[in-house]
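Asks: show me the folded form of this:
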Amino acid sequence: MGIVPSSVVLTSFQVISRVFMIWAVTHSVKEVQSEDSVLLFVVAWTLTEIVRYSFYTFSLLNHLPYLIKWARYTLFIVLYPMGVSGELLTMYAALPFVRQAGLYSISLPNKYNFSFDYYAFLILVMISYIPIFPQLYFHMIHQRRKILFYTEEHKKFE
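Replies: Model prediction:
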């Protein structure tokens, strides 16, 4: 839509992953709802969204305070690993309950000749963080350098 400069693919990935964490892990496995790791990712997500939408709002109003810009491109350094840690710890805490209950798993034989092991799927999701997290994190580091330092250096020569 052009209102914000975010990629549709990255935004979709983020929304899907958050729905997955809330519904398929935290809501579905009641035993993990009181884990500190849930608080960890919820606080990280909340602070991230407050900063993100403050940034978007002030940008749309053409009145972006430097503090908001700085927060948008700096706080992720702590909040992103905090959120990812909370997500991974929550999934890890859910594993024994998922295995014990056979949650969302489909075993053979059945009329569709199809099986699905949600326990193994959760492990694969956790493993997928290994290649994905560094790419997204270093992309944000690059964006930070480009936005905060390039524009500051550029202004010195104007």
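Asks: list the contacts of the helix or strand harbouring residue 9.
Replies: Here residue 9, judged by DSSP states H and E, is contained in helix 8-19. The contact list for helix 8-19 (Cβ atoms under 8 Å, 6 or more residues apart in numbering) reads 45, 87, 136. Just so you know, the C-beta spots here come from the backbone N, C-alpha and C atoms, and that holds for glycine as well.
Asks: most surrounded residue in those?
Replies: residue 87 (26 neighbours; other Cβ atoms under 10 Å).
Asks: show the contacting residues for it.
Replies: 17, 21, 37, 41, 129.
Asks: okay, those in JSON lines with secondary structure next?
Replies: Listed next are those as JSON lines, based on DSSP: H, G, I helix; E, B strand; the rest coil:
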{"residue": "17", "secondary structure": "helix"}
{"residue": "21", "secondary structure": "helix"}
{"residue": "37", "secondary structure": "helix"}
{"residue": "41", "secondary structure": "helix"}
{"residue": "129", "secondary structure": "helix"}
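Asks: could these go into CSV alongside distance to residue 79, pLDDT and neighbour count?
Replies: As requested, the contacts of residue 87 are exported to CSV (distance: Cβ to Cβ, whole Å; pLDDT from 0 to 100; neighbours: other Cβ atoms under 10 Å):
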residue, distance to residue 79, pLDDT, neighbour count
17, 15, 94, 15
21, 15, 98, 21
37, 15, 98, 19
41, 10, 98, 22
129, 16, 95, 16
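Asks: low-confidence ranges in this protein?
Replies: Residues of the chain that meet the criterion pLDDT under 70 lie in 1-5, 151-158.
Asks: can we see that at 80?
Replies: Flagging of the chain using pLDDT under 80 yields the residue ranges 1-7, 150-158.
Asks: show me where it has its helices.
Replies: Under the criterion DSSP state H, helices of the chain are mapped to 8-19, 36-60, 66-72, 76-101, 118-144, 151-156.
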